[in-house]
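Visitor: here's a sequence, model it:
(chains A, B, C, D, E and F)
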6 protein chains.
Amino acid sequence: MLNPNSSISVTQRMQSCCATISLPAGYHVDFRTLAEGPPVIECQRDVERVVLPVCDYFHANPADAFVIGCFSDPGLYLAREELGVPVIGIAEAAVLAAVGLGARFGILAIKQGSIGRHTRMVRQLGYADRMAADRPLDLGVAELLDEDLSIARIIDVGRRMRDEDGADVLILGCATMGAYRPRLQAELGIPVVDPAQAAVMQALTLLTLNYAGIA
Amino acid sequence: MLNPNSSISVTQRMQSCCATISLPAGYHVDFRTLAEGPPVIECQRDVERVVLPVCDYFHANPADAFVIGCFSDPGLYLAREELGVPVIGIAEAAVLAAVGLGARFGILAIKQGSIGRHTRMVRQLGYADRMAADRPLDLGVAELLDEDLSIARIIDVGRRMRDEDGADVLILGCATMGAYRPRLQAELGIPVVDPAQAAVMQALTLLTLNYAGIA
Amino acid sequence: MLNPNSSISVTQRMQSCCATISLPAGYHVDFRTLAEGPPVIECQRDVERVVLPVCDYFHANPADAFVIGCFSDPGLYLAREELGVPVIGIAEAAVLAAVGLGARFGILAIKQGSIGRHTRMVRQLGYADRMAADRPLDLGVAELLDEDLSIARIIDVGRRMRDEDGADVLILGCATMGAYRPRLQAELGIPVVDPAQAAVMQALTLLTLNYAGIA
Amino acid sequence: MLNPNSSISVTQRMQSCCATISLPAGYHVDFRTLAEGPPVIECQRDVERVVLPVCDYFHANPADAFVIGCFSDPGLYLAREELGVPVIGIAEAAVLAAVGLGARFGILAIKQGSIGRHTRMVRQLGYADRMAADRPLDLGVAELLDEDLSIARIIDVGRRMRDEDGADVLILGCATMGAYRPRLQAELGIPVVDPAQAAVMQALTLLTLNYAGIA
Amino acid sequence: MLNPNSSISVTQRMQSCCATISLPAGYHVDFRTLAEGPPVIECQRDVERVVLPVCDYFHANPADAFVIGCFSDPGLYLAREELGVPVIGIAEAAVLAAVGLGARFGILAIKQGSIGRHTRMVRQLGYADRMAADRPLDLGVAELLDEDLSIARIIDVGRRMRDEDGADVLILGCATMGAYRPRLQAELGIPVVDPAQAAVMQALTLLTLNYAGIA
Amino acid sequence: MLNPNSSISVTQRMQSCCATISLPAGYHVDFRTLAEGPPVIECQRDVERVVLPVCDYFHANPADAFVIGCFSDPGLYLAREELGVPVIGIAEAAVLAAVGLGARFGILAIKQGSIGRHTRMVRQLGYADRMAADRPLDLGVAELLDEDLSIARIIDVGRRMRDEDGADVLILGCATMGAYRPRLQAELGIPVVDPAQAAVMQALTLLTLNYAGIA
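Guide: Residues are numbered from 1 along each chain as shown, chains lettered A, B, ... in the order given. Purely as a prediction, here's the structure:
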């Protein structure tokens, strides 16, 4: 799993939230950071500039499956075309998990500016009619990384999507919030999908079942 | 995983095709046969008469998650309402896997008579527009259980769904054909989903990620 | 028309609300009660346990067409497969009537617990995008049977579905409320469908026009 | 029921095919011919020029419900806006009947030139995804009115829509073919909807159940 | 461009709002008024009675393309069938423009009574799922023609469609409001489509690119 | 209009096919070639590598509107986010034109390898149900540039999409085939959209009507 931004703290967040997953003997997830990535991926330019580096990193670091650890899935289609193994985007994995868990999902976006990207991704997957809402948290990075500072806002936005927008499953629209999943689920009583965790389970499924034409 | 028909040979088929799945330490799938079930489940009456027995079997045999091992998913909604743990139908699991693997899926049905049931299930899941076709194999049981006798027919029907109906992923519409998946995938070059295998991976995912409100 | 619960008062309610329908000479509806049914059908187990008895009752009591008089349509697909005549579920009949009367319908459910069943039925019929809402009345049986005690609540829930959810036609989600239809229509000014009445007219249509392949 | 073309033979055809319908005591269908209509309604101008005359005829000849007896439903929305009683178009009635009888319907059009009109009507009703096909018979009037001359062609076009287009219910796209319905159903084994018959049963249903806001 | 009502002031409004469009050398829009039309087109009868006159006017006044300058598009399908050149309805042109400018559009209707007509038109075009709302302004003619009297109401209704209904593009549901487009866009920050302007640009595109089968 | 590949002959093709468009006084299209682009854009890597250069070229060469002259629309979302003026992708413009010209469109792709990209683009725009087919021409560059060598193949593929797939409008899936549009339209009798021409008319419309929020 490659974090395409250069913030090691973000990679560590993904790693610790995926650490709750027991893998079968012989399976292992390596968490890497793209040193040349920007500190955060917030705008379309941030996304576009890591597309080639992400794919080239995969070429240089062979694995049985690759996960792109950013909710914009930068380089997903390029990597799928060039690498001979399964390539998973955490946003796509989260949406595929969510549509199996409920009728309509809501996405907790970090910023307003990501919502257009999310919408295009969801439409491209053919699930526009399953998206109840996509609402921004509008939290700064410092707040976002501190559960005590951010959890009230996260629960509030999630509750609005459940009660006003009709979402019966939520997606954390960023790879850094997985640690808050237990509290959020406990408060709201509906499934909450962490994209990095969903991607690990999808990778495990693809490697286990060896579907033709996937890689 | 409970096979709701009474044919132990069918249970063994499911077990052997799921034996290719490595599970994490501490996870185990028990394969059981419903002694009071009919020898095969072919018509709507066969389905309806095992609904209560399947659910009652689960009540009497506690587990962390249950799988209903029949492509008609008998008792799925009853078991979900009554048991406090995840309950998975192999048909539903197969469809959820298929829509993540391709744009439009085809189902290889055993008999013409099951197609109405499949169609209702797919529509209920909201994936009518993703179903390319559902074609019957029209094979007798003896032929179905003998790979040499059945594989040509299975490949032929699958190829028609790929080439004429536009399916880019196939679902085996019965729990007894998993052993033929490798040859079918090799011939056609598109993903083929075995419903029992898909259900095991879905159960593992639900137990691992512990989504709220699922059980 | 068979009421699959054992409450004769419910059968009488259906009968009296259908008594407003003039039938052509030679047509007659017989209202029967399934003695072995539960007093009310409220949960999935209630539904499942009457499936075989309903169908067997039809086998034992021949008619030119059968109506299953419960908004969960228990045994509908079994009866259609086994009996050589039209079989109508009142919920299905109500939805088919509603989509001909307006753009989006709302369902007045008795209890929250039925809504999942309704949703699956509506999706199976292919009308998910025509369902504006499904809201529970949360009335006790005693209140439900007393127009003076229940009508205010019924009108209130119906008005919310009309004004907030955009429903332009309503379905009474139970066979016991037909008597309140005139007052509800008069208050709200939009069509209100009683499922038992809709089923009688659908049966009459099918018997009159004798469509091939229906029975 | 008003035939908006001036051909009395067409009115008689509608009348004789609806004569198979038993109506309750007190109900009666009057079949009328619009003297000022064109001999046939084949092009858009034919449709448009009868819109005002149809509605004005209804104003001058009061009834409890009106049926527009032409598969282009000329004047339907005008009559609904102006008359205080139910107004039914036979094309709309046929489509509403068909979607209750099968998953996807085919329309047997008289001429290629009507298909655009049918398509607009079906889309307006919201059933574009339920229309399997609309194929022209391309029969002259003399042939159309002679069962022996036309039935082979009608069966052939119907069979193509069933077998190639996936229609499981057919609509006769003109009010003059109802007499051929029995043979067509017998040959193809799927429901065939005559629009005049469907409209009579819809009128009976609306008058019997007295839905608010319909008239 | 033919204004099918007889109010010259309305024709002048259309003309002045289209005067902002620079056309290539050799292109020219002639604005005409249908003398025999009603002063305003408000009800279905107003629409139907101008259908034949509009088309006959076009026959009598040849042009390279025709625009029907009324948001009910009266005579559109008749004119397309009979004239050998492109015929454009301003409502259809506005919807086609809107779906290219945003995800979901709202229509500012003059009166409640037009909304049914708009809805049928949008469904016929296949864009029902792209219509966020259609809300009436309920302004009298005098107010509507006076920007100072009407602009506050127009902005208020537009804002509600943007903020409550989720519209990200608005359509002016009448040919008389184009002059208010700049202020409305400036207030709301989302695209506002004037139907007459949209129709002129569509006509120019069709004449420039000369698509086969369009006229 | 920027051709993101470095082949001047391709730029000249776009320019000559757009030369048939008369623009209003004061409007002018400048055709440019991205010198650092690959000679052709055939695979996902070709697309990704020009994303940043295309956008940076626009920053360096100001205009009132920009067109990306490649049917993969590379850099479209980045340029829209960064530039304060309308940015048009020729593929998006072609699809928006096509859905206004017919019910279902077919795309003439150069190579099989582009079809996945087209499908993602069409789904992202929300028009998956309007795409009848996307078929590859499988022509070499030399053949493609020679009308006599390629026109028979182009007509044959277009005819199959019209007759077998039900397309009633075609899109040329590359900016180099516009010169063949007249012959293709004449042969097939349905509209054929050249993406570069469609983009020029869309740019002219956006600049003329000055929609808020578009740039």
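
Visitor: show me how chain A divides into domains.
Guide: Here the domain parsing of chain A from automatic domain parsing is A:2-89+A:197-209, A:91-194.

Visitor: tell me which strands and helices the lowest-mean-pLDDT helix or strand in chain A is in contact with?
Guide: Ranked by mean pLDDT, DSSP states H and E, the weakest helix or strand in chain A is helix A:141-144, scoring a mean of 79. With contacts defined as 3 or more CB pairs under 8 Å, 6 or more residues apart in numbering or on different chains; DSSP states H and E, the packing partners of helix A:141-144 are helix A:147-163. The way it works is simple: take the backbone N, C-alpha and C, and place the C-beta from them, glycine included.

Visitor: distance from the helix it packs on to the middle of the chain?
Guide: 18 Å (CA atoms, centre = their mean, to the nearest Å).

Visitor: which outside residues touch it?
Guide: The contact list for helix A:147-163 (CB atoms under 8 Å, 6 or more residues apart in numbering or on different chains) reads A:106, A:108, A:132-133, A:135-137, A:139, A:142-144, A:167-168, A:170, A:177, A:179-180, A:183-184, A:187-188, A:190, A:192.

Visitor: now restrict these to buried residues only.
Guide: Burial by neighbour count, judged by 16 or more other CB atoms under 10 Å in any protein chain shown, picks out A:106, A:108, A:132-133, A:135-137, A:139, A:144, A:167-168, A:170, A:177, A:180, A:184, A:187-188, A:190, A:192 from the contacts of helix A:147-163.

Visitor: so what's residue A:120 closest to, chain neighbours aside?
Guide: Spatial nearest neighbour of residue A:120, excluding adjacent residues (CB to CB, 6 or more residues apart in numbering or on different chains): residue F:124 at 5.1 Å.

Visitor: distance of the one you found relative to residue F:95?
Guide: Residue F:124 sits 10 Å away from residue F:95, going by CB to CB, to the nearest Å.

Visitor: which one's more surrounded, the two?
Guide: Remark: of residue F:124 and residue F:95, residue F:95 carries more neighbours, 27 against 20, as counted by other CB atoms under 10 Å in any protein chain shown.

Visitor: which ones are touching that one?
Guide: F:105, F:121-122, F:125, F:127, F:171.

Visitor: what about residue A:159, how many neighbours?
Guide: When counting by other CB under 10 Å, one arrives at 16 neighbours for residue A:159.

Visitor: circling back to that earlier point, now name the helix or strand holding the residue nearest to residue A:120.
Guide: helix F:115-125 (DSSP states H and E).

Visitor: what lines up beside the helix or strand following that helix in the sheet?
Guide: Using DSSP H and E, the helix or strand that follows helix F:115-125 towards the C-terminus is strand F:131-136. Using DSSP bridges, the strands paired with strand F:131-136 are strand F:105-109 (parallel).

Visitor: residues in contact with the strand it pairs with?
Guide: Contacts of strand F:105-109 (CB under 8 Å, 6+ apart): F:95, F:98-99, F:115, F:118, F:130-137, F:154, F:157-158, F:161-162, F:165, F:167-174, F:177, F:193.

Visitor: make TSV from the contacts of residue F:95 and add neighbour count to it.
Guide: Rendered in TSV, the data for these read as follows (neighbours: other CB atoms under 10 Å in any protein chain shown):
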residue	neighbour count
F:105	28
F:121	21
F:122	25
F:125	20
F:127	18
F:171	29
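
Visitor: and these, which is closest to chain D?
Guide: Checking the contacts of residue F:95 against chain D by CB to the nearest CB gives residue F:127 as the nearest, at 14.0 Å.

Visitor: list the contacts of that closest one.
Guide: Taking CB under 8 Å, 6+ apart as the contact definition, residue F:127 lies against F:95, F:99.

Visitor: now the strands for chain A?
Guide: For chain A, the strands defined by DSSP state E cover A:2-3, A:32-33, A:66-68, A:87-89, A:105-109, A:131-136, A:169-172, A:192-193.
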